[in-house]
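1. Mind folding the following:
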Amino acid sequence: MIENYGQQDLSKLTLKKFNFLKKKLIVTNGELCKKFEKKISQITRSKYSIVCNNGTSALLMAILSLNKDKIIAIIPNINFVAAASIMALLKNNIILCDVNLKTGMVDLESFEKCLKSCKKKGLRPNLFIPIHYAGNVLELNKIQKICKRNKIDIIEDGCHSFGSSIKTTIVGSCKYSLMTTFSFHPVKNITTLEGGAITTNNKKIYQRLLNLRSHSLKTTSIGDPYKLLMPSLNFRMSEVNALIGIDQIRFLNYFRKKRNYLVKKYIEKLSKLKKNFEILNFRNSKIFWHLFVINLKNYKTKKKLMVLLKKNKIGTQVHYKPLFLHKVYKKNILLNHSTKSLIFYNSQLSLPLHPKMSLNDVNKVSKKLIEFFSK
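-> Got it, this is the predicted structure:
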């Protein structure tokens with residue numbers, strides 16, 4: 001169960017749960033989607049939630065709902081390509097912010113440094129899209145105050161951290177932001193096979209998102225069947241995906257505990273290798289760890305290690321390649337802070353972590369790492 005770094009657990013799902021769908025007239029964006037949304041709001045403690053067909057759609061819908069003519073977005077350099085690609089497709093601009101080496105996330109220092117550079121160049125960003133990386137939780141209270149002074153909206157990317165919380169923040173509560181987006185891709189904390197969601201406490205934004213989800217078509221009358229409010233696309237979630245999501249939420253605490261147990265065992269087994277790599281901070285029991293990340297002290301060994309693990313049917317991944325290294329974004333990038341991001345990228349490696357793993361799997365991965373660094 002470790003050939004891939006992540007894997008979904010659908011072991012409790014049975015075909016019996018799908019039988020009643022045969023009698024349903026509405027099999028997309030129906031009552032199960034609404035039920036799933038209520039459960040998401042309960043978990044995140046947000047006023048509203050909107051499900052959609054994937055995490056990228058969630059980000060796109062959130063950005064479109066701002067209704068801004070021109071966006072200059074600050075986003076972390078360590079990042080999946082979704083947010084940057086959306087900016088590029090919408091002909092908007094990107095300011096790349098550096099990250100903290102110990103967390104892989106934007107911190108207060110890097111954010112303030114980024115804003116100072118913006119002011120020197122006469123740039124006025126109006127959106128910040130921080131990531132809660134690897135299942136961790138980024139504390140946004142101080143950054144939010146700075147954003148408010150500078151008229152910068154915040155859309156949190158919570159794709160790694162559904163179900164995570166710390167003392168001051170539940171990811172998705174939108175306590176310090178306008179919206180939070182989630183992904184329910186197969187390797188995420190819970191899955192709908194493919195799917196996403198947005199949470200918000202803003203009623204106007206919620207109404208816009210509801211419109212955006214289904215082409216922004218509003219029903220009018222029989223003679224004039226619908227009115228187009230604004231250009232949009234089909235972002236609807238099917239009832240099948242919602243049913244899977246509802247079932248997955250039943251096991252949310254089990255998935256969290258299982259991942260945290262595996263992380264604890266990894267830390268115990270790999271304690272002898274502190275001189276070779278550091279383990280990303282995995283100490284908070286309330287955090288729902290999505291990735292198990294190590295930072296190699298000699299990054300030149302990374303490729304050899306990945307090749308060795310692959311030969312032993314152990315999957316690894318790198319999260320992520322800094323966005324400035326993707327040449328296709330060159331025209332969109334106005335500012336690039338990348339010193340720490342490049343170091344993080346070169347040293348970072350994600351080892352297998354998912355609820356279908358066993359203790360024997362952790363032992364196998366740990367054994368191979370110990371063998372590799374003992375040579």
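2. use CA for all of it now, contacts and neighbours both
-> Noted.
3. can you give me the helices for this protein?
-> Here the chain has its helices, by DSSP state H, at 31-44, 55-65, 82-89, 108-120, 141-149, 203-213, 239-250, 252-269, 302-311, 339-347, 359-374.
4. Including mean pLDDT, could those helices go into JSON lines?
-> Formatted as JSON lines, the helices of the chain follow (pLDDT from 0 to 100):
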{"stretch": "helix 31-44", "mean pLDDT": "97"}
{"stretch": "helix 55-65", "mean pLDDT": "98"}
{"stretch": "helix 82-89", "mean pLDDT": "98"}
{"stretch": "helix 108-120", "mean pLDDT": "98"}
{"stretch": "helix 141-149", "mean pLDDT": "98"}
{"stretch": "helix 203-213", "mean pLDDT": "97"}
{"stretch": "helix 239-250", "mean pLDDT": "94"}
{"stretch": "helix 252-269", "mean pLDDT": "95"}
{"stretch": "helix 302-311", "mean pLDDT": "97"}
{"stretch": "helix 339-347", "mean pLDDT": "98"}
{"stretch": "helix 359-374", "mean pLDDT": "97"}
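5. Give me the distance between V137 and G195.
-> Distance, V137 to G195, using Cα to Cα, to the nearest Å: 21 Å.
6. distance of the most far-flung residue of the chain relative to its centre from N211?
-> Most distant residue from the mean C-alpha position of the chain: G223, 43.5 Å away (Cα atoms, centre = their mean). Distance from G223 to N211, counting by Cα to Cα: 21 Å.
7. Also I143?
-> 30 Å.
8. swap in T316?
-> Counting by Cα to Cα, the gap from T316 to N211 is 40 Å.
9. more neighbours, these two?
-> More crowded of T316 and N211, by other Cα atoms under 10 Å: T316, with 22 against 19.
10. residue contacts, the more buried one?
-> N4, Y5, M306, L309, K310, L349, S350, L351, P352 (Cα atoms under 8 Å, 6 or more residues apart in numbering).
11. Also Q248?
-> L10, I190, T191, T192.
12. In a markdown table: the helices of the chain, plus distance to S164.
-> Shown next, in a markdown table, are the helices of the chain (distance: least, Cα to Cα, whole Å):
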| stretch | distance to S164 |
| --- | --- |
| helix 31-44 | 9 |
| helix 55-65 | 17 |
| helix 82-89 | 21 |
| helix 108-120 | 20 |
| helix 141-149 | 17 |
| helix 203-213 | 23 |
| helix 239-250 | 13 |
| helix 252-269 | 9 |
| helix 302-311 | 29 |
| helix 339-347 | 23 |
| helix 359-374 | 23 |
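13. Point out the most buried one among the ones you listed.
-> A comparison of the helices of the chain by mean neighbour count, using mean count of other Cα atoms under 10 Å, puts helix 55-65 on top with a mean of 23.
14. which secondary structure elements does that helix contact?
-> helix 82-89, strand 179-183, strand 196-200, helix 203-213 (3 or more Cα pairs under 8 Å, 6 or more residues apart in numbering; DSSP states H and E).
15. ok, and the closest non-adjacent residue to the residue most central in space within the chain?
-> The chain has C159 as the residue nearest its centroid, 1.9 Å off, counting by Cα atoms, centre = their mean. The shortest distance from C159 to any non-neighbouring residue, by Cα to Cα, 6 or more residues apart in numbering, is to F182 (4.2 Å).
16. And the nearest residue in space to A242 that is not next to it in sequence, how far from P186?
-> Counting by Cα to Cα, 6+ apart, A242 lies nearest to C33, which is 5.2 Å off, once chain neighbours are set aside. In this view, C33 and P186 are 18 Å apart by Cα to Cα.
17. next one: N77
-> Distance from N77 to P186, by Cα to Cα: 24 Å.
18. neighbour-wise, which of the two wins?
-> A side-by-side neighbour count of N77 and P186, using other Cα under 10 Å, places N77 first with 30 against 17.
19. Among the contacts of Q248, which one sits closest to G245?
-> Of all those, G245 sits closest to T192, with 4.9 Å by Cα to Cα.
20. Distance of the closest one relative to M237?
-> From T192 across to M237, the span is 9 Å (Cα to Cα).
21. which ones are touching N281?
-> K102, T103 are the contacts of N281 under Cα under 8 Å, 6+ apart.
22. Next one: it from L325, what distance?
-> For N281, the distance to L325 (Cα to Cα) stands at 26 Å.
23. cool, and I246?
-> Counting by Cα to Cα - I246 and L325 are separated by 38 Å.
24. same check, this time on N92
-> Relative to L325, and taking Cα to Cα, N92 is found at 18 Å.
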